[in-house]
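Chemist: Prediction below, plus the sequence it came from.
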Amino acid sequence: MGFYGWFGKTLRVNLSTGVISEESIDPKVLADWIGGRGLGAWTVAGEVPAGCDPLGEKNKLVFATGPLTGAGVPGAGRFSASGKSPLTGTILDSNAGGRWGIRLKQSGYDLLVIEGVSAVPVYLTIADGKAALHEAGEIWGADVRETNDMLKDKLGKYISIACIGPAGENLVKFASVMNDGYRALGRGGLGAVMGVKNLKAIAVQGSQKVEVANAEKLNFMVYEAGKWLKANPITSQGLPEFGTPVLINLFNELGVLPTRNFQGSQFPDATDISGEAIAGTMTVGRKGCYGCPVQCTRLIKTKNGNIVGPEYESIWALGPECGIGDLETIVEANRLCNRLGLDTVSTGVTIGCAMELKEKDILETGPVFGDSAGLLLAIRQIAYREGDGNLLAEGSRCLAEKCGAGQYAMQVKGLELTAYDPRGLQGMGLGFATSNRGGCHLRAYMAGPEALGVPKMVDRFGTGGKAGLVITQQNISAAIDSLIACRFVNLAVSEEYFARILSAVTGVEYQTQDLHRIGERIWNLERLYNLQAGLDCSFDTLPSRLLEEPVRNGPSGGRVVELKPMLDEYYRFRGWNESGVPTPGKLRELGLEELKC
Amino acid sequence: MLKDFQTFGRDLFLAGLNSSHSGNLSVRCGDRIFITRRGAMLGHLEERDIIETGLDKNDSNIILASTEIRVHRAIYKGTAALAIVHAHPVHATALSLLDDEIIPLDSEGAYLLHKIPVLGVEYTIGSQELEEKLPALLKEYKIVMVRGHGSFATGQLLEEAYQWTSSLENICRIIFITRALKGELKDKRPAEYIEW
């Protein structure tokens, strides 16, 4: 059958045998799982044993585009990568913008499955349906920028590259995969999975057109979505002018900006590292994903030339979380992470954890809070697993537990938490605790309703009704991550528009409730996988600090996360039993009855 | 200031000049603007619903500000206004879809507002076109209708801008009723005054 939006093809690359093959994808699978995260979860659940070693031969890397990728929809130039996380042991997906996803799609593939382990370091090239493996001898050991430069010299400047840096090669558990130089599949350590497979880079180029079922309807919906993007101050002013760092001052004022390993929730130097400070002193331009009008990426001027500026989460992790209020240090730390191929969030939070362990004399060596030079040194040591960096490279949970002080690791399921103190955002606390990939804010962006009024403002300290909101956010996020559309665009353009856009592109009729149902199916599949991997309900929790230590002062003063009542409600509303296991009835309802826990 | 926002926000809602989540209010204080939060319910405003941001320059609060912030800024920069009320009065909005200007028939309406221009634009919400065209009209008129969208009224105080909004809707109700009655109008005003 002819496809609209999808090509209906998988490219499979077996690194152990060197065999590269093409497969068709069942149209029903595409309609049910859409693309991106959904298609990735479906593939991982079917092909990667839940009990396998994430850094063993059986784990796979699944790159997926979505039906909107390359179809001319604003904010839909993204792709995702899925697998089993070496940091958490959970099912994992991570997505990124840039050009790479569009190039992969234009090569004619919805899915790229990498399996096996190469005997020697290699890189993969894909160009319009032709794929080949090449020895990577000369680029193995190079950092991300050097790798990009070397491959572009060899393959041409229009090629798009996803690669790992030294951190991935050295199997740092939170190594990222970097694409287009500065974009990151940051969370969960897929860079280490790529590293253990001896795969340094994937270079893609394509010129195939993505066919659209109803171009007239799509044009109208894009026009309508454009009106919302232009009208909403978040997407028309805040993000274009300040990027995501626009959130620093805002969340600091609310008392939800964690500092010094979540010991505090307000940072005295926040103004100095805010979006306004960057815009006023460093920004020289802006850019964004292909075809996106928001253009939220900022180019900043540094002593190392013009580079892409840090995002909100990165500024926080490498700044307030480590007690550092010096913008130049944060920018340099971010640059280092990007070049070495490290997740900025896990890097910062793990170093923050080490700083607290040092502060409490549990660790004898290492940096202390506010130590800029120590931060930069620790980043290098982690990437190359040198000295103390070898232990830090395992992540905060492993670090703290090895020190007999697991309570100081600010993580959920092994994934370091992000820049929101959930003691001042109760729903975010539930979202963190129940996230299928661990401490991630994007699975259910409860800061939307709890702080930004998206879609509506709710009481951030209240717990009643939060379970229902978290579930809705989790489900719709799973669907949006499968299209794949940008969450920032989703701040201004509701899922109703995305359902219509998806229908126009694919010719398959989707209503808003279909997106919710598909998201719910993805969420339950991920949950089943995690249960099979041994992550039961005891992992649906938060660090004890957030449950027991009230915020000392400020607007969130005196608060802890009241998780238990929200969690009980959450399981019930999800149609799971009290142990957090999806009931047979729920699985039947979602068409997942053949899967067992 | 919060009390004023609450009073006039509530009155706008209770008078049917706004639906539950529509409309916005702002005041200018020097180089700063205080504006209602995007999506706030004007009938139930709280402290967190009043957002302070710059007249010229954005800051982090911009992402909380009303969708119409750019229009409010343009009005403040292009007029002497110190307060703005944006509302969605039903009769005035309906009339704006039929007429190019609204001319009061009643004497109070004529005395207070004389004539209300109707501005038609492609993008009616938070748009650059409104930003460019509204201030010039609001230099001449106290209140302007954006076709099919709603009214923008200015004043030195919120109460003043609220008054023009309330008057406009009253004017439009009278026009509707008289048109419905289909009788001959016995207007005593001189023609040149009507055209003024």
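Modeler: The structure has been received and is ready for your questions. Numbering: from 1, shown residues only, chains lettered A, B, ... in the order given.
Chemist: Got phi/psi on residue A:149?
Modeler: As for residue A:149, its main-chain torsions (degrees, to the nearest 10) stand at phi -60, psi -50.
Chemist: To clarify, my last question referred to residue A:12.
Modeler: Listed backbone geometry of residue A:12 is phi -110, psi 130, with angles given as degrees, to the nearest 10.
Chemist: distance of it from residue A:63?
Modeler: In this structure, residue A:12 lies at 11 Å from residue A:63, with Cβ to Cβ, to the nearest Å as the measure. Using the backbone N, CA and C atoms, a C-beta is placed for each residue, glycine as well.
Chemist: neighbour count winner among these two?
Modeler: A side-by-side neighbour count of residue A:12 and residue A:63, using other Cβ atoms under 10 Å in any protein chain shown, places residue A:63 first with 28 against 18.
Chemist: On the strand side of things, show who the nearest residue to that one once chain neighbours are set aside bridges to.
Modeler: If you skip the residues right next to it in sequence, residue A:63 has residue A:112 as its closest partner in space, 4.1 Å away by Cβ to Cβ, 6 or more residues apart in numbering or on different chains. According to DSSP bridges, the residues that bridge with residue A:112 are residue A:11, residue A:63.
Chemist: Who are the contact partners of residue A:112?
Modeler: By Cβ atoms under 8 Å, 6 or more residues apart in numbering or on different chains, residue A:112 lies in contact with A:10, A:11, A:12, A:13, A:62, A:63, A:64, A:104, A:126, A:202.
Chemist: Any chance of TSV for these, columns distance to residue B:157 and pLDDT?
Modeler: As requested, the contacts of residue A:112 are exported to TSV (distance: Cβ to Cβ, whole Å; pLDDT from 0 to 100):
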residue	distance to residue B:157	pLDDT
A:10	66	98
A:11	67	98
A:12	70	98
A:13	70	98
A:62	61	98
A:63	60	98
A:64	57	98
A:104	59	96
A:126	65	98
A:202	63	98
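Chemist: By neighbour count, which of those residues wins?
Modeler: residue A:64 (34 neighbours).
Chemist: Count the residues that sit near the residue in the stretch 251-400 of chain A that chain B sits nearest to.
Modeler: Residue nearest to chain B within the stretch 251-400 of chain A: residue A:276 (5.4 Å; Cβ to the nearest Cβ). A count of neighbours around residue A:276, defined by other Cβ under 10 Å, yields 21.
Chemist: any idea of the mean pLDDT in the helix or strand where it lies?
Modeler: Here residue A:276 is covered by helix A:275-281, with elements defined by DSSP states H and E. When pLDDT is averaged over helix A:275-281, the result is 95.
Chemist: Show me what it is packed against.
Modeler: On a contact count with 3 or more Cβ pairs under 8 Å, 6 or more residues apart in numbering or on different chains; DSSP states H and E, helix A:275-281 meets helix A:239-242, helix A:247-254, strand A:297-302, helix A:327-340.
Chemist: The residue minimising distance to the centre of chain B and residue A:472: what is the separation?
Modeler: Most central residue of chain B, judged by C-alpha distance to the mean C-alpha position with Cα atoms, centre = their mean, is residue B:152 at 2.4 Å. Taking Cβ to Cβ as the criterion, residue B:152 is separated from residue A:472 by 35 Å.
Chemist: and the residue in the stretch 51-200 of chain A that chain B sits nearest to, how many neighbours does it have?
Modeler: Per Cβ to the nearest Cβ, residue A:74 is where the stretch 51-200 of chain A lies closest to chain B, at 15.9 Å. By the other Cβ under 10 Å criterion, the neighbourhood of residue A:74 contains 23 residues.
Chemist: Give the full set of residues in contact with it.
Modeler: With contacts defined as Cβ under 8 Å, 6+ apart, residue A:74 is in contact with A:222, A:225, A:226, A:229, A:291, A:292, A:293, A:294, A:489.
Chemist: can you do 7 Å?
Modeler: With contact taken as Cβ atoms under 7 Å, 6 or more residues apart in numbering or on different chains, residue A:74 is in contact with A:222, A:225, A:226, A:229, A:291, A:292, A:293, A:489.
Chemist: which stretch of helix or strand covers it?
Modeler: Using DSSP H and E, residue A:74 maps to neither a helix nor a strand.
Chemist: Residue numbers of chain B in contact with chain A?
Modeler: Within chain B, the residues that sit near chain A (Cβ under 7 Å from any Cβ of the partner chain) are B:37-39, B:58-65, B:67, B:69, B:123, B:125-127.
Chemist: if we can go back for a sec, any idea how far the residue of the stretch 251-400 of chain A closest to chain B is from residue A:344?
Modeler: The spacing between residue A:276 and residue A:344, counted by Cβ to Cβ, is 21 Å.
Chemist: Going along the chain, name the helices of chain B.
Modeler: B:2-14, B:69-78, B:90-96, B:107-113, B:128-140, B:158-181, B:191-194 (DSSP state H).
Chemist: From the rest of the structure, what touches the third one?
Modeler: With Cβ under 7 Å, 6+ apart as the test, helix B:90-96 has contacts from B:16, B:102, B:118, B:145, B:147-148, B:150-151, B:168-169, B:172-173, B:175-176.
Chemist: I'd like to know which of those residues are buried.
Modeler: The neighbour-count test (16 or more other Cβ atoms under 10 Å in any protein chain shown) marks B:102, B:118, B:145, B:147, B:150, B:151, B:168, B:169, B:172, B:173, B:175 as buried among the contacts of helix B:90-96.
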